[in-house]
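Q: turn this into a structure:
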Amino acid sequence: MRKYKVPPIPSSVWQNPWHFIAFGFGSGAMPIAPGTFGTLIAIPFYLALQPLSNGLYITLVILITIGSIWLCNKVEHEIHVHDHQGMCLDEIVGFLVTMYAAPHGLKWIVIGFLLFRLFDIWKPEPIRYIDENVKGGAGAILDDVAAGIYSCIVLHIASWII
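A: Numbers count the residues shown, from 1 in each chain. Below is the predicted model:
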């Protein structure tokens, strides 16, 4: 949990396409709950990838994750803020991880959304460790990947039970 004053949203978000993407396609500029809005922005991306085979889906998610680490690292250096609260590309990646091989339907999207937000906010270990100790773009992205893995596991257990 952040214990410091949140830096303002840089105006470059609206001028630089890389910053716009890193800030969750602008969702990170929301004055409240930018992570929640960043996760909402992930839903159309998930819906676009959902029809793919599991192999192609996870391959694209891995490539998106690698690209996101690079991009967040670049933007962090340019705005001089590590893991700015408004940088919501990590929520998009985390939600895509959550929804790997998920059952189809609105109910599962909502459950996946809620699970991901729970783990992203709660940050049980090792998510908290990654969040507090891994720096740069990797730190910004990998804690959400871990939250996505936890969420994906719980989502699949729920789908087997229901």
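Q: check which helices and strands the helix or strand containing residue 143 sits against.
A: Under the criterion of DSSP states H and E, residue 143 resides in helix 136-161. When contacts are defined as 3 or more CB pairs under 8 Å, 6 or more residues apart in numbering; DSSP states H and E, helix 136-161 packs onto helix 54-79, helix 89-98, helix 106-122, helix 127-133. Just so you know, the C-beta spots here come from the backbone N, C-alpha and C atoms, and that holds for glycine as well.
Q: in JSON lines, list the ones you listed along with mean neighbour count.
A: JSON lines is the format used below for the helices and strands packed on helix 136-161 (neighbours: other CB atoms under 10 Å):
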{"stretch": "helix 54-79", "mean neighbour count": "17"}
{"stretch": "helix 89-98", "mean neighbour count": "28"}
{"stretch": "helix 106-122", "mean neighbour count": "18"}
{"stretch": "helix 127-133", "mean neighbour count": "16"}
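Q: of those, which is nearest residue 33?
A: helix 106-122 (9.2 Å; CB to CB).
Q: please tell me how far the closest residue to residue 52 other than its chain neighbours sits from residue 109.
A: Nearest non-adjacent residue to residue 52, counting by CB to CB, 6 or more residues apart in numbering: residue 60, 7.1 Å away. Separation of residue 60 from residue 109 (CB to CB, to the nearest Å) stands at 18 Å.
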